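Colleague: turn this into a model:
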Amino acid sequence: MTSWISMHGTWRVTVVRKASDWPQRVVITGSVQRAIPGTVGASETVSGIDWHLTIEHDLGGAWRQSEFVQAGPVREYDGRAARTVASKDHYWQGDSDPNDLVLRLEHVGARFEVTATPHLVDGLGRGDDRYLAVTIRNTGYRAFDYDTVLDVTDRGRNALARQGIVVAEIWTPEALRATGQEAYGRGAVVRPLEVGAEAVVHFPARRDTVPSVEAADIEFLLSSRGGGSRGTVRERRLARMVPTAARPARKPNDALRVAGDSVDVRARAHLPVHRSAPSRAPESGGQAVIGWEQRPAKP
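Modeller: Numbers count the residues shown, from 1 in each chain. Predicted structure coming up:
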């Protein structure tokens with residue numbers, strides 16, 4: 001029977017009940033190393049890409065791993081997730097209730113982060129087409145599915161315009177083929193992404209004017225349209241950007257690569273692909289890289 005719990009992302013670990021006479025503690029290993037006292041009310045925030053949680057008890061002079069540690073299902077409330085962890089240090093005759101130490105885990109971290117410098121690239125399609133490349137990482141607690149959409153908000157687009165970059169409002173068939181992506185409205189569907197993994201998302205854009213020398217806050221919006229009990233989850237992140245030196249572009253493969261397998265990019269009825277094309281191609285121009293500094297968005 002498993003005596004440790006595999007975790008991802010940022011969670012608040014709180015001791016909510018203790019029914020054992022033996023001292024208890026919560027032990028965190030993996031990408032994070034930590035021990036949390038097993039006293040009711042003790043609470044710490046643990047953050048890591050891949051970490052493990054177990055519970056130990058002290059019989060007298062030595063810590064031992066509890067015989068039973070089990071996490072309940074993850075339940076979401078208003079876009080936030082929580083789960084309960086129950087444990088039994090030792091099974092005694094007539095005492096099998098796993099309540100020796102009970103924890104509440106609440107996911108408090110961001111679902112995604114912008115991890116690399118967003119920048120204009122060319123060479124994905126026609127020679128004069130350019131795209132804003134945005135690298136994101138899944139920092140949540142579960143994998144992204146095909147219903148995950150990334151967009152540049154109106155606020156972010158206005159800030160980019162002040163930097164001399166205009167992000168297109170409409171996806172053309174050429175842009176969809178060049179990026180190997182699907183569109184949901186003006187946003188881009190993010191390919192399936194495991195926790196801790198990264199992906200580059202492209203948006204059709206063009207250089208319009210000479211960039212401002214001042215820094216700007218660019219806001220991105222990640223949406224989940226899973227339906228059912230999950231509902232629609234929306235999270236915003238800010239990246240502070242300033243003009244820096246140029247960077248060469250890299251052309252993606254014709255197909256997505258998911259867990260080692262190449263898969264075709266196809267439209268689904270519940271996630272319509274936009275096919276309306278503007279009357280002229282985006283204007284060409286010089287490319288610039290934008291430096292960034294991650295900051296949480298204001299609610």
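Colleague: which residue sits closest to R155, ignoring its sequence neighbours?
Modeller: Nearest non-adjacent residue to R155, counting by C-beta to C-beta, 6 or more residues apart in numbering: E219, 4.7 Å away. Any C-beta I mention is one placed from the backbone N, CA and C, and that applies to glycine too.
Colleague: the one helix or strand that neighbour maps to pairs with which strands, parallel or anti?
Modeller: If you go by DSSP states H and E, E219 is part of strand 216-227. With DSSP bridges as the test, strand 216-227 is paired with strand 148-152 (antiparallel), strand 231-244 (antiparallel).
Colleague: which of these has the lowest average pLDDT?
Modeller: Of all the strands paired with strand 216-227, the minimum mean pLDDT falls on strand 231-244 (a mean of 68).
Colleague: how about the strand holding E219: buried residues?
Modeller: Using 16 or more other C-beta atoms under 10 Å as the test for burial, strand 216-227 gives A216, D217, I218, E219, F220, L221, L222, S223, S224, R225.
Colleague: return the distance of it from the chain's centre.
Modeller: 10 Å (C-alpha atoms, centre = their mean, to the nearest Å).
Colleague: before we move on, the earlier item: report pLDDT for the residue nearest to R155.
Modeller: In this prediction, E219 carries a pLDDT score of 93.
Colleague: ok, now which ones touch it?
Modeller: Listed by C-beta atoms under 8 Å, 6 or more residues apart in numbering, the contact set of E219 reads V152, T153, R155, G156, A159, R236, R237, L238, A297.
Colleague: separation between it and V134?
Modeller: Relative to V134, E219 is positioned 12 Å away (criterion: C-beta to C-beta, to the nearest Å).
Colleague: what about L105, helix or strand, and which?
Modeller: Here L105 is assigned to strand 101-107, by DSSP H and E.
Colleague: partner strands of the helix or strand following that strand and their direction?
Modeller: Per DSSP H and E, the first helix or strand lying C-terminal to strand 101-107 is strand 112-114. Strand 112-114 sits in its sheet next to strand 130-138 (antiparallel), going by DSSP bridges.
Colleague: CA atoms only for the partner strand, dumped as PDB, please.
Modeller: In PDB, the C-alpha atoms belonging to strand 130-138 read as follows (Å, rounded to 0.1, in the frame of the first residue of the first chain):
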ATOM      1  CA  ARG A 130       5.700  37.300 -38.000                       C
ATOM      2  CA  TYR A 131       4.500  35.800 -34.700                       C
ATOM      3  CA  LEU A 132       4.700  36.600 -31.000                       C
ATOM      4  CA  ALA A 133       6.200  33.600 -29.300                       C
ATOM      5  CA  VAL A 134       5.200  33.100 -25.700                       C
ATOM      6  CA  THR A 135       6.700  30.200 -23.600                       C
ATOM      7  CA  ILE A 136       4.500  29.000 -20.800                       C
ATOM      8  CA  ARG A 137       4.900  26.300 -18.100                       C
ATOM      9  CA  ASN A 138       2.200  24.300 -16.500                       C
END
